[in-house]
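S.K.: what would the 3D arrangement of this be:
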Amino acid sequence: MRVWLAVLSLVVPAAPAAAALSTGTLRLADVLAEAARVNPGLQAARSAWEAAAQVPAQAAALPDPEVEEMHVVRDRSMPGDPMMDQFSVSQTLPFWGKRALRGQAASLDAEMAEQAYRAKAWEVRSEAVKAYEEIFYLDRTVQILGEQESVLRRVARVAEQKYAVGREPQASVFRAQVELARLGTDLLTAREEAVSARARLNALLDRPPLAPLGTPQAGRVPAGRWDGEALAQAALAGRPELLALRALAGRREAERRLALRRYFPDFMVGYAQTGDASDSLPYDGRASQSLRLGVSLPVWLGKTRAAARESRSARDAARLSLADLVNETRWRVADLSVRCETAARLDALYGDTVLPQARAALDAAQGAYEAGETGFQDLLDAQRQLLRSELEQARHRADFRIARAELERVVAEPLPQPQGEAK
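M.R.: Have a look, this model is predicted:
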């Protein structure tokens with residue numbers, strides 16, 4: 001069974017998945033299953049594939065035979081002769097190989113439609129992961145800003161108390177109020193962006209923009225790294241866009257060979273029967289019969305040569321596009337692998353070192369400020385540093401999962417466990 005069918009196997013019964021989207025914890029697996037089931041663009045690509053699969057049998061079939069019956073009402077050249085009837089049937093027979101090449105071209109069209117469907121499935125999956133992670137990041141941003149706002153309010157109250165007894169200049173109180181206003185603005189922006197991200201995910205799930213969604217889970221960021229060369233080989237073997245271009249190159253080659261066969265004639269065979277109008281048809285022993293054989297005359301060679309040149313250039317264009325996409329695929333795998341590894345390392349660095357140090361620095365600055373051993377600006381700087389560090393770690397976590405989804409889209413299969421990760 002093809003690897004891409006593993007993606008479709010994520011689809012679960014609609015009712016439980018749909019119900020799980022609106023409240024409580026929003027699971028990524030439920031989101032991906034629902035997107036695979038209901039996304040209109042994906043369903044349209046599947047229908048286009050199903051339609052294209054019906055074309056090869058039509059393209060390779062013989063033309064419909066032609067049946068004709070002629071009744072001579074009056075023949076001035078033969079006065080007194082009885083009226084005549086003529087019955088004929090004929091069949092066009094394309095030159096050898098034309099039907100097979102038309103069928104081959106149509107089969108490759110169906111292959112391209114299949115790969116377009118696969119590409120769309122991975123695109124929808126990647127976009128759903130991106131929207132999901134953006135919601136997670138923005139929700140986390142709102143949470144972090146809210147926590148920092150609470151801390152800053154306590155600091156502002158301390159500054160006001162010190163100002164009231166003359167131990168702090170009024171400028172410190174103003175700075176605290178300005179910082180609170182800035183945090184409030186950032187909170188408002190994050191909440192509005194979260195609404196937009198939820199609308200994007202709802203659109204992928206074929207739901208109204210403001211339909212309720214649950215709270216995304218914090219995904220795991222694994223340690224280790226992937227084998228870049230193995231991923232590149234997997235992408236070159238299975239990326240839908242590459243397979244579609246290979247099918248296109250094959251289709252253009254079939255069209256080129258078909259264009260060359262336009263130099264050769266098609267044939268027509270037929271049978272005719274002529275008799276007195278009073279006679280009964282088919283043949284009654286008195287009517288005349290004839291067999292017919294005809295050929296088309298491909299005498300307009302200019303258009304045939306132009307068609308051959310066109311098909312050759314189209315084939316070359318498809319092959320060059322394929323070579324270009326191969327290079328782009330190798331670059332994308334390398335780039336996304338580095339992005340994943342960088343985001344994972346930064347997440348670990350912030351979790352193990354940066355955030356603990358930033359929290360310790362804020363605690364120390366807050367204690368020193370309340371004891372009168374340091375100024376308000378030092379405390380404000382420590383608070384800003386912790387806020388920035390928490391937001392950056394949340395961004396690195398979301399970036400890792402987004403880059404991983406993009407890498408899986410290029411490779412067109414779920415990624416293996418990174419090398420070096422604990423079992």
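S.K.: so where's this protein shaky on pLDDT?
M.R.: 1-20, 72-84, 276-286, 419-423 (pLDDT under 70).
S.K.: centre-most residue in it?
M.R.: What sits nearest the mean C-alpha location of the chain, by Cα atoms, centre = their mean, is residue 123, with 2.2 Å.
S.K.: following the helix or strand encompassing that one, which helix or strand comes up?
M.R.: Using DSSP states H and E, residue 123 sits within helix 98-164. Counting by DSSP H and E, the next helix or strand C-terminal to helix 98-164 is helix 170-204.
S.K.: give the buried residues for that following helix.
M.R.: For helix 170-204, a neighbour-count test (16 or more other Cβ atoms under 10 Å) marks 172-173, 175-176, 179-180, 183, 186-187, 190, 193-194, 197-202, 204 as buried. Any C-beta I mention is one placed from the backbone N, CA and C, and that applies to glycine too.
S.K.: stretch 262-270 now?
M.R.: Buried residues in stretch 262-270, counting neighbours by 16+ other Cβ under 10 Å, are found at 262, 264, 266, 268, 270.
S.K.: so what's the closest residue in space to residue 141 that isn't next to it in sequence up against?
M.R.: Of all residues not flanking residue 141 in the chain, residue 190 sits nearest, at 4.5 Å (Cβ to Cβ, 6 or more residues apart in numbering). Contact analysis of residue 190 by Cβ atoms under 8 Å, 6 or more residues apart in numbering lists 138, 141, 142, 145.
S.K.: the third one touches residue 191, doesn't it?
M.R.: What it means is residue 142. Yes: the pair residue 142 and residue 191 qualifies as a contact (Cβ atoms under 8 Å) at a distance of 6.0 Å.
S.K.: mind listing the helices for this structure?
M.R.: 5-8, 14-22, 28-38, 40-52, 55-59, 98-164, 170-204, 228-238, 240-260, 301-349, 355-370, 376-411 (DSSP state H).
S.K.: need these in CSV with distance to residue 222, can you?
M.R.: Listed next are these as CSV, based on distance: least, Cβ to Cβ, whole Å:
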stretch, distance to residue 222
helix 5-8, 20
helix 14-22, 25
helix 28-38, 15
helix 40-52, 28
helix 55-59, 44
helix 98-164, 15
helix 170-204, 24
helix 228-238, 15
helix 240-260, 26
helix 301-349, 7
helix 355-370, 19
helix 376-411, 9
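S.K.: can you check which of these gets nearest to residue 89?
M.R.: With Cβ to Cβ, the closest approach to residue 89 among the helices of the chain belongs to helix 98-164: 20.1 Å.
S.K.: between helix 28-38 and that closest one, find me the angle.
M.R.: Counting by axes from the mean of the first three to the mean of the last three Cα atoms, to 10 degrees, helix 98-164 lies at 140 degrees to helix 28-38.
S.K.: ok, what's across the strand from the closest residue to residue 291 other than its chain neighbours?
M.R.: In this structure, residue 291 finds its nearest non-sequential neighbour in residue 271, 5.9 Å apart by Cβ to Cβ, 6+ apart. Beta-bridge pairing for residue 271 (DSSP bridges): residue 89, residue 291.
S.K.: so residue 271 sits against residue 88, correct?
M.R.: Yes: using Cβ under 8 Å, residue 271 is in contact with residue 88, at 6.7 Å.
S.K.: so for these two, which residue has more residues nearby?
M.R.: Neighbour totals were compared for residue 271 and residue 88, and residue 88 leads with 16 against 13 (other Cβ atoms under 10 Å).
S.K.: ok, the more buried one to residue 287 distance?
M.R.: 12 Å (Cβ to Cβ, to the nearest Å).
S.K.: quickly list what's touching both of the two.
M.R.: With Cβ under 8 Å, 6+ apart as the test, residue 88 and residue 287 both reach residue 273.
S.K.: among the contacts of residue 190, name the buried ones.
M.R.: The buried subset of the contacts of residue 190 - by 16+ other Cβ under 10 Å - is 138, 141, 142, 145.
S.K.: let me have the residues you listed in JSON lines, extended by distance to residue 159.
M.R.: Shown next, in JSON lines, are these (distance: Cβ to Cβ, whole Å):
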{"residue": "138", "distance to residue 159": "30"}
{"residue": "141", "distance to residue 159": "26"}
{"residue": "142", "distance to residue 159": "25"}
{"residue": "145", "distance to residue 159": "20"}
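S.K.: closest to residue 351 among those?
M.R.: Closest to residue 351, out of all of those and judged by Cβ to Cβ, is residue 141, at 17.1 Å.
S.K.: for residue 338, see how far away the residue nearest to residue 141 is.
M.R.: For residue 190, the distance to residue 338 - Cβ to Cβ - is 28 Å.
S.K.: again, but for residue 220
M.R.: Residue 220 sits 20 Å away from residue 338, going by Cβ to Cβ.
S.K.: which of those two has more neighbours?
M.R.: Neighbour totals were compared for residue 220 and residue 338, and residue 338 leads with 13 against 9 (other Cβ under 10 Å).
S.K.: separation between the more buried one and residue 323?
M.R.: In this view, residue 338 and residue 323 are 24 Å apart by Cβ to Cβ.
S.K.: just residue 44 next, same as before
M.R.: 30 Å.
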